Structures are given as C-alpha cells and as structure tokens.
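Take this sequence and fold it.
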Amino acid sequence: MSTSNEVPGGRRSRRRWLLWLVLAVVAVPFALFAALPWIAGTPFAKHRIEAFANQILAPGGVAFDRVRLSWFRPTEIDGPTLIDPQGDKIVSAPSGTFSWSLWQILFARPMVGTLALHHGEVDIERAADGTVDLLQTLKPILKDKPERTIQVRLDDATLRFRQEGLADPFYADKADIEIDLARYPEPIAWNLKLARTSEPSGPGTMGIEGHIGHDEVGGPPRNAALAVKADNWPWRFTQPNLHATGVFTGSLAAQLVDGVATTEGDAAILNLVVGGGKLSGDELRQDKVALGWKVEGRDGSYKADRFTLDAPVATLSAAGVFPPAADQQAKVEGRVDLAALAGQLRHTLRLQDDLKLEKGTVEILAEAKARSDEETKAQGPGQRINVTAKLGELAATKGGRAITWKDPATLVARLDRSADSLSLDQLEVQTPFLTATGQGDVDRGIDVTATFDLAAVRDRLRDWVELGAVETAGQGTLHARYRREKADYQLAADAEVKGLVLGGLPVVETVRRDAVRGDLAVRGAAEASGIPRDWRFVSLLGKSGVDEIKLESTADAASPAPATVKASGRTELTFNGSKQVVKAGCDVRSNADAIDLGALALSVEPFVGPGGKFLPAAATVWNGGGRYDRKKDELVVEARPAADGEAVKAFAIAPQKLSAGGFRSKGAAWFEADLKGDLGALQKLAGLDAASVAGRLTGIVQGRQNQDAWDLGFRLLGHELSRKAAKPDAPREEIGEVEVQARATLAMNARRLDLAELAIVTPYVRADGEGTIRDLGDTPDVDLKGNLSPDWEGLTRLLASKVEPNASISGQAFPWRLVGKLPLSEATDGNLPETLDGEVGVHVDQADVFGMRLQQTKVVVRVKEGQVLIDPIDSTLNAGRLHLDPELVVDKKGVRWLHLGRSSSLIDAEINDEVSHRVLTYAAPVLDQATRVQGRISLDLVFANVPLGGEREGVQTRVEGDVQFGNVEFMPGPLVDELIGVFRLERRPLLVLRDPISVRVLGRKIFQEGLILPVGNVAVIGVDGWVDFDKNLDLLASFAVVPPKQNIPVLSAILESTQLQVPISGTLDKPKINGDAIKDRFKNLGDALLETTLGIGGGGLGRLFQGAGRPRPEREVFPPLSGPDDELDEAGDDKPAKPGEEPAKARDDAPKGPLFPNLRLPGSLTPEERQLQRETRQQRRLDKRAERRARRGLPLE
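From the prediction side, this is the model:
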C-alpha cells in the first residue's frame, strides 16, 4: 500500500514542474518584450544608439542625455543635440519628441515621422568658402534617396546665423522652424518664421521659405526656390573696417527651374547708416534706399524687365538684355548727386577742409538698340550702343570765396555691333586735363588718340582735393590701334610724356625725367565679332634717358595664365640724398607641374657722374632662383652666391631662403624666410652712423594663415656686435650677442596685432613684453607692457673686469608700458606724439664702485602726452643724501641734453682713501694717493648738461657747481709732499680741507678754483687749474703766509704781498714742478718785499689798503662755456624746504667756516664774492629763461 501511494505523488510533482517550465518559457520572452523600452533607455543602449547615429552622420554626430521609449506612445528625448564636424553644437534643445513609438520604429515604419524640439537653439555658420556647417553635417543623409519623410519642427526657438568675416550675426530671438526632409524624389523644404522683439526700431518679423531637390545638394542647383518677406527687420552688416545698419522691409524671391533663374523683389532699407575705417571716419546716412527688380537669366545672359535703385544720393535704372545681344535692346541710366555725397563723405573723398560743395552731378546713360529694318536689310541684324557720361558744373565755397569747375567732363562713345563685327563710330573724352578721340572698325583698325597734362591734374584738383605733398607735371600723348586679322587680333599702343615730375612719393625723392616713352603690344585669338577671346603674347617696353623696362610674356590657348614671363628694368633713384642705379630682372617659365623662377636679380649701385660718385663703387646685389610645385602647392626661393671674382656687396638685410605655400587653400597660406644682414649697413641705410654699432645679423620670420588671421613668429640674432669707443684711437668695444624674438597674431580684417611674446635679450639686460596694437595703419593704437630685467650678476662681472675688481651691483626687475596712439607721420621728426604715454625704469638695490655705495635707487623715465620726463631721484650715496632732478631738453640746434639744475645735490657723503684716489682726485688733486682719508663732502650743483648723443665738436658735457669739504682729514700724498718740500715747509702728519671749491667740467677737463691747503699755523698752499680724465695736469700752486686777524700796519701789508706761485704740469702719476719758475718766483718775492717795505715806510696809506707789490696778471681759471649761451636752461630753481625742515644750506651739520678767513690767494674769491658771483650767474640765467619764454609766447614764471 505504501508503495502505491508514492507513485501518484511523484507524477503530480513532475507535472507541476513541467507546467512551471512551460509558463516560464512563455513568460520570459513576453517579459523581455515588455521590458524592451526600458532596456533601450539604459546608459548602455544610449551609447549604442549614439554610436550608430554618429556612424551615419560622420564626421558630424548627435548626442542626447536620455531617451524614453514606449510601445504605443511617441518617443521622448532629453537634451537632443546635433554636432558639426568641429564639435560645435548646431541644434540643441532641452527636450524633444519623435512621433514614432517603439512598435512603429521596429515594425510599422510609417511614411512620415516628426521630430519636435521644444525651446531649442539653432547656431549656423557660413565659412568664407561658402560652406554652411548645417548642410555639411547633414550631407551624408541629404544625398541619400530616402523612402520616408522626416519632419523637423522647432517651436519657440532662437536662431543665430554667422558669416565668417562679419562681426555681427543674423539673430532671431523667436523662431518657429519647419524643415521637411522629404522622401525621394520630393524636394527638401523649409519654412522659417522669425521675430525680433527687443529692438529700438520696434518689433520685426521675417519669413523664409524654400525648397531644393535631393540631387542638388552639394553641387550647383538646377531646381530650387527661395522666398523672403520681412517687415521692420533690423539689418546689420559689420566688418572690422566697414559697418552698416538699417531696417529692412519688403520681399524677394528667386527660383531655378532646369537651370533657368528668375528673381524679383521690392525691398527698402530705412534709416541706413554706413561707416567704418574705409570711410575715414565719415558716415553715410540715407533715410530710405529702395530697390526693385525682375530679372531672368539663362546661359550667361540676363533679361531685366525692371531694375531700379533709388536713394537720396544716387539713382540707377536698367532694363533689357545684359550683356547686350546683337538684336536685343538694353538701357542703363544713373545719376549721382555729388553735393549730397560730399556733404557726408568729405574725408573719404579727401576734400579740402574749408571746401563746401554746393552743386555737382554725375550722369551716365548707356543704351543699346537693335538696328533699324533698313540697316538690318543692308548689314544684317545688329545693335547700336550709345554711351554718354557727364560731370556737371561743380560749384563750391572755399574759405569764404566761390569756386567753380566750369569745364564739364564728358564722355561720348558710339558703337555698332553685330555677330561678326564691331565698329567704333565715335569716341570723345573731354576734361580740363585729358582729351581722347577714337574711330574705326575691327577689320580696318580702331584708332584711339589721347593727350593729357599731369600738371593740369594737380592744378585743377588742388583747390578741391587734399593732395598732400604729391607733385605731378608733364605733358603726354597716347595712341592705340586695335585690329582683327583673320581669327586673331592685335593691339599696339605707344605713349610719351615730356617733362615728367613725380614728387611726394614714399621712400624715394622727387623723380624728374625729360621724356618717357612706352610701347605695348598684345596678340591673341578673337571672337567672331572681333573682340578678344584670350591673349597669347604681351610685350611692354618703357624708356627714358635713364630708365628702361622690358617685359615679354606668352600664354597657351588652354590656359589664361602666363606660360613664360621675362622682365628686366633699370632706373635711377635718390635715397637719403644719394643717387643710385637700381636694376632688376627675372625669367619665369610655367608648365603643368611647376613654375620655375630663374635669373631673379636685384642690384643697387652708386651713380657715377654729376650728382653721384666720382669713381665706380661695388654694387649691392641679390641673385636667386626658385620653383613653385603645383602638386605640393609650395614655393621655394633661394639666394645664389655671386660669381667668382665679381666685386659686389650684399644688401643690408635680405632673405637667404623663402618658402611659402597654401596658395590654393583659402585661408591656409604659410611662409618662412631666413634672413641675413649687416647691422652697420642697415644703420647706414637708415641715415644713421654706420660705425656706431656693427655686427652680423641672422633671423627667421614665419607666418601661418588661419582664415582672416595670421600667426606670426620672428627671431633676429645679432652676432659679434661691437660699438665705437669714446676715444677715436681706442679699439672697438665688444657687446656680444643680442636676440630679438616675438610671437603675434595679426587679424587682417580687424587691423589688429596681438603680441603674445616679445623678448629682447642682450648680454646685460632682458626686456619682455606683450600687448595689443589696434587700428594698424597710419595711426596705430598701442597698448604694450612688460618687464625690464637687468642681468645683475653679468653687470657685476662687467664692472669687476672693466672698472675695479671689487665693484658690484644688484637690483630688481622693473615694469614698462607704452600706451596711446602713434601717428607714424608725426614721429618722423624725432619727437614723440602727444597721444603717447609710457613708462620704463631701473631699480638698483645697491651699487658699489670705487668705494662709493649707492643704495635703493629708482630711475623712472615716463612719456606723458609726448613729453619725456624723468622722475626725481632720491637715494643715499656713502650715507649721504643724494637728490637729482633730471630733465631732457633740446637746444636750438636740435641737440638733446640731460639737464640737472640747482635743486640737484649731494649732502654729507662719507669719503675714504678709495673715493679720494678714484674720484675726488680730479676735483681736488691734493688728495691724489693720499692716505687715511676721512670726512664728508657735499655738492651744490649749479647745472649739469650731458649730451645724449655723445660728445662731438661743439657738443660737450658741461657741469658747474661747488664742492663743500666737511673737515676732510688726510695724510698727504706725493704731490703735496713735493709742494711742501719745494716751499720748505714743515711736514705735518695730518692735513685738513674745510674751504669750498668751485668746479667746472667742460668735455674731458675738470677745472677747479679755491682749493686751500693749510700746511702750518701760519702758511697755506692754494691750488687752481685743471685735470683731465687722462690725468694730465695744468695747475698753479700758490704759497702764502696767513696775515694776523688784527691789522698790523706794516706786518699785515707785508704778509698780504708775500706770495709764491709755482706751475705744475705732467700727470697725476708724474707731476712736474718747474724749477726755473721757482727761482723767478723767489726773486720776485724779494723785490715785492722791498717795494712793500719802502712804500709803507714812505707813509703810503693808499698803498696799504690797495696792497703792495707790482701788479700781477690775472689768471683765468674757468674758461667760458662753448656754444650759444641761451640754448639750454642751465639754471633750475632751488627747491623750497619742506615744512618743518631747514634749508639745505642752514643745516646743523653744515661745514664749518674757513680755517683762515683773512687769507686771500691770487685769483681766489672771498665767500662773499663767491656768493655774489653765484647770484649774478643765477640772475643771468633767470633773465635768459624769461627771454626765451617771452619769445615762445609763454607767460613769465
């Protein structure tokens, strides 16, 4: 029983298991099928869908954040985006809906699907080559022949359409867009409804409709249509140098049907304003410009039923067939109101500033009519063309007077044209400076003769137009003959100008020629009517007494480009006052693979003869050759060495190799040039001293075009540079290598240069910079800045090797900047324009040379409104206060000077042995080789003038001032020891200087007077004269006995007259004291003592006050300064003391009075006389300053 009970239970278990298995087999596919929409929305499926779409649209693509599918509801998409090949978003929206459900996508596939994007953004760009990124992205699917229609709808979107080269895009802040990517062969259609809601002119609307066939995409369309209708739509056209604004209202339509184009429209632009750099700051304003047309075109011919342009300044109308057909009619009529145009574009037309044009018109009429019936019977079908143009009487006021252009300028041309012939029945041109006539036909020859007067051109125009420095003169004739010979034509022309003058040209001076003649010949194939079809041969020959130009070129029938070009030329021009002979030539040959540039040559040599050199000199020559590879689109030009034995010179700077390419790729050209030159020759070419700095130059210039911009690179190296030494006989001073490099981007349309890097590297300083230069042209706007970084370690090594081993200097980098407009024409005279500001400086932490320690000094040079200013300098020098007030001045002769006035001073600087040996020796020779020197000195400057261009004849450094000694103690050196020995005085271990001396520097000589050296209790030595920088001496030492403080009648007079003078020559290292002069001085001293004693003994009271002894010739220690007295402002006003501060000359620590106040040496001055002399000089300078200000019309200070 138990066994029978188990069997049925097992069977039921197996059946249940089988049942569940069957249910699972059925349920799992059903569950997977039901979950398929959820699976498609997972990130894995999202990436797979994007990859599949990107394969279809490559190189473009799509992207979306999320997709939600349903079996029976439309598909929802989050963040749908269409991406162009460059990765930019073309179409994007927060959300979208596709009308197909998952069931329809997989199984039903309806004929129409709709993709709706909500609140999207459309950003389309048209490149300079005409390609549109939207069409380029969709091209893979637009070229297909789809079987279903996809409708794209964007509601409440924004639209931006950008055109490369235009600054402002076309923009709509509300756009409803419908695009039908219809099934083949139905056309692709679009309908855009656009609106602008926030414009000053009010709301504007625009509708754009059109269609194009699938087969037309990517090529010239033969079937397409476009219609535009606008109402109050804001219109803008913006380029860097031209812009226009207005309001567009009207409609236009264009249609292509099997290649036949028709277009018509009626539109107007209201409140038109045109301006920009091309109009030289002018603005053309027109209330309304209306345009209407209806034109049909086929096979290169256009039939205009109507064409009208109506504006306040001009009108134009046209009707008929263009170009004129042999049996059709055409008419063009136009008129320009010159007075209205000149009133708004006076700078563009370069009218004189005080000219106001009140009357003037230009009228043109061109009319083509079919031949009459009688003419048609006699000559066949044809056409008569009449052209007339006239410049009506001009009337204007200029400076309050009326002027007129009485002789009208007229043009009359009458032609007769048929399918196989052309004749010129009449040609007449009449102007005050040009007359031309012509007549004939293509078989017998059409002859044109003209005469012109270049001087009359200038004379007629100069009252009306601003010609600047342009000067023209010469009378000329022209004769041309055109003739058909079978299937070819020939054109021969010759011209001659006598008394040619061309002045005001850039670079070269005025060109004058007695006679110039030119001959031109052109041959080629002719059309059936006789007009040129192409050209096969051209030759040009021009000659004058000193000029010659030859050119010959040929072309193949298959290509209009030249096949060969051979040219040579010779002329005489004047550069920088030097007459030169310039020669050039080339031989170019072209084939299907390349263009060979052979025999490229340029030479410049001095002219030999009157106005030039007496003897021939070597020519400056550049020879080279090159090749343009058509397949690589690359040009290479290389310099070639001169022939052996040819005595020639290289150009100051010239390319050694030039590579360029990308000519056929729009906006992708490039070049690279290797340069080589000579710095001395380059300076000579610029009119500078060629010997001032010399050396070799090498460099490289690179450029790569990126659409309308150029990425530029520049690097220039100066090798083996040296400069002329200060002494004529000294060897040149080596500078080392200098490097200049820059990287920049040049925007051609924007006329802007963005300087990313600028570096100037010299052995001892580096200048870095960056910035922008806008409005490139005659008046660029500069904004540059950077840092000036001296190489302090290198400068220390230089000072240690050139000056003294212990010299050192350290400091910091300092910023520089240059800002403002730079009118290049105003900068040619050497002065900076008033529109320019700048700043540069040097920051020295410490400098130690010859025992002089300078600390924390800033030298800042500024440019303010074109004036170069130097900030006051305050520092410490050997613990003394240093104050300088430098300024740059220019004298009557144009010499530039660095000027320091009376406010500049040095107060209480400490001195030691090294300072006295190396510096003070020149002003106080008694300190030469002195030891144990200590004390303080001060400098009261009267003026200092240092020429910035270096010293030369008539231009020397000039300095005048007083040196104050503050108890300067020292052990005497050899010069003082020898003087003490000569005068047989007692040697003292320590001497003291207290009295001030006056110093004057003239060129390389330092003059001084007033030096008093006490050598005992009752005797002193005075030293006057000069020492130059080569240590040569011309001194006069005076020995005197100090008179008593109280006047003793006999003794005082004797002591005052007891003086001994000794001349000193030679050098500081080897001074020479004249022994014979010493004997004479002792003899004279005895005579003087005797005469003084007898004079006093005889009761000569007057002689007692006048002083005894024979009269002595005065010694002029200070020579007069060379050069005009009033050319420089040599006196500056003393600066007033600050509140709470005593004046500089009344300090507590001022030097004490003279050691011997009653002592007066020959030629020396008392302190009172010295002060009076300074006050006299000061008053004289103030008077001259007032005189100069009065001559300039400036108020007195």
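
hang on, residue 616 in a helix?
No: checked against DSSP: H, G, I helix; E, B strand; the rest coil, residue 616 lies outside a helix; its state is coil.

Report the separation between it and residue 680.
Counting by Cβ to Cβ, to the nearest Å, the separation of residue 616 from residue 680 is 22 Å. Quick note: C-beta positions are derived from backbone N, CA and C, even for glycine.

Looking at these two, which is more packed in?
A count of neighbours by other Cβ atoms under 10 Å puts residue 680 above the other of residue 616 and residue 680, at 20 against 11.

so the more buried one, which of the three states?
What three-state DSSP gives for residue 680 is helix.

Which residue comes closest to residue 68 once chain neighbours are left out?
In this structure, residue 68 finds its nearest non-sequential neighbour in residue 76, 4.3 Å apart by Cβ to Cβ, 6 or more residues apart in numbering.

in the stretch 101-250 of the chain, which spans are helices?
102-103, 133-142 (DSSP state H, counting those that start in this stretch).

which of the ones you listed is buried the deepest?
Among the helices of the stretch 101-250 of the chain, the stretch with the highest mean neighbour count (mean count of other Cβ atoms under 10 Å) is helix 133-142, at a mean of 18.

This structure - how does it break down into domains?
41-219, 313-419, 888-1191 (automatic domain parsing).

Adding mean pLDDT and distance to residue 693, write these out as a markdown table.
Converted to a markdown table, the domains of the chain look like this (pLDDT from 0 to 100; distance: least, Cβ to Cβ, whole Å):
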| stretch | mean pLDDT | distance to residue 693 |
| --- | --- | --- |
| domain 41-219 | 82 | 44 |
| domain 313-419 | 88 | 41 |
| domain 888-1191 | 67 | 12 |
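
so which of these gets nearest residue 226?
Residue 226 lies closest, by Cβ to Cβ, to one member of the domains of the chain: domain 41-219, at 4.0 Å.

ok, now how distant is residue 370 from residue 414?
Computed as Cβ to Cβ, the residue 370 to residue 414 distance reads 15 Å.

cool, and residue 423?
Taking Cβ to Cβ as the measure, residue 423 falls 9 Å from residue 414.

Next one, pLDDT for residue 762 please.
The model reports residue 762 with a pLDDT of 90.

wouldn't it be in contact with residue 723 here?
No: contact between residue 762 and residue 723 fails when scored by Cβ atoms under 8 Å: they sit 11.9 Å apart.

related to what we said a few turns ago, okay if I get the domains of the chain as a markdown table plus distance to residue 842?
Shown next, in a markdown table, are the domains of the chain (distance: least, Cβ to Cβ, whole Å):
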| stretch | distance to residue 842 |
| --- | --- |
| domain 41-219 | 43 |
| domain 313-419 | 44 |
| domain 888-1191 | 15 |
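
and residue 378, that's in a helix?
Yes: assignment of residue 378 by three-state DSSP places it within a helix.

residues near it, how many?
The tally of other residues near residue 378 (other Cβ under 10 Å) stands at 9.

residue contacts, the closest residue to residue 277 other than its chain neighbours?
Once flanking residues are discounted, residue 277 sits nearest to residue 241: 3.7 Å by Cβ to Cβ, 6+ apart. Contact analysis of residue 241 by Cβ atoms under 8 Å, 6 or more residues apart in numbering lists 276-278, 749, 751.

So what sits opposite residue 1063 in the bridge?
Beta-bridge pairing for residue 1063 (DSSP bridges): residue 1036.

ok, it to residue 1029 distance?
Using Cβ to Cβ, residue 1063 is found at 21 Å from residue 1029.

likewise residue 382?
96 Å.

which of these two has more neighbours?
When neighbours are counted by other Cβ under 10 Å, residue 382 comes out ahead of the other of residue 382 and residue 1029, with 20 against 12.

The more buried one reaches residue 369, doesn't it?
No: if you go by Cβ under 8 Å, residue 382 and residue 369 don't touch, sitting 10.0 Å apart.

neighbours around the closest residue to residue 446 other than its chain neighbours, how many?
Ranked by Cβ to Cβ, 6+ apart and with sequence neighbours excluded, the top spatial neighbour of residue 446 is residue 440, at 4.0 Å. For residue 440, the neighbour count with other Cβ under 10 Å is 17.

Check the one 3 residues further on too.
Residue 443 has 14 neighbours, counted by other Cβ under 10 Å.

swap in residue 215?
With other Cβ under 10 Å as criterion, residue 215 counts 15.

what does residue 379 give?
12.

Now that it has come up, it's in contact with residue 372, right?
No: Residue 379 lies out of contact with residue 372 (Cβ under 8 Å); the separation is 10.1 Å.

Centre of the chain to the strand or helix carrying residue 768, how far?
Assigned by DSSP states H and E, residue 768 belongs to strand 765-774. The chain centre lies 13 Å from the centre of strand 765-774; the measure is Cα atoms, centre = their mean, to the nearest Å.

Just give the strands next to that strand in its sheet, each with its orientation.
Here strand 765-774 has these sheet partners by DSSP bridges: strand 752-761 (antiparallel), strand 781-790 (antiparallel).

Would you mark the buried spots in it?
For strand 765-774, a neighbour-count test (16 or more other Cβ atoms under 10 Å) marks 766-771, 773-774 as buried.

now, among those, which is nearest to residue 153?
Nearest to residue 153, judged by Cβ to Cβ, of those is residue 774 at 45.1 Å.

got the helices of the stretch 101-250 of the chain as CSV, with distance to residue 321 columns?
Listed next are those as CSV, based on distance: least, Cβ to Cβ, whole Å:
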stretch, distance to residue 321
helix 102-103, 61
helix 133-142, 34
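
To residue 656, which of these lies closest?
helix 133-142 (42.4 Å).

on contacts alone, who are the packing partners of the closest one?
Applying 3 or more Cβ pairs under 8 Å, 6 or more residues apart in numbering; DSSP states H and E, we find helix 133-142 packed against helix 43-57, strand 89-92, strand 121-126.

For residue 943, find the nearest of those.
Across the helices and strands packed on helix 133-142 (criterion: Cβ to Cβ), the nearest stretch is strand 121-126, sitting at 67.5 Å.

gap between that closest one and the chain center?
36 Å.

May I have the beta-bridge partners of residue 1025?
residue 1008, residue 1035.

who's in contact with it?
1007-1008, 1033-1036, 1064, 1117 are the contacts of residue 1025 under Cβ under 8 Å, 6+ apart.

The stretch 101-250 of the chain: strands as residue ranges?
Assigned by DSSP state E, counting those that start in this stretch, the stretch 101-250 of the chain shows strands spanning 112-118, 121-126, 149-163, 170-181, 188-196, 204-212, 223-239, 242-257.

right, and these - which one's nearest residue 579?
strand 242-257 (42.8 Å).

Cool, thanks, talk later.
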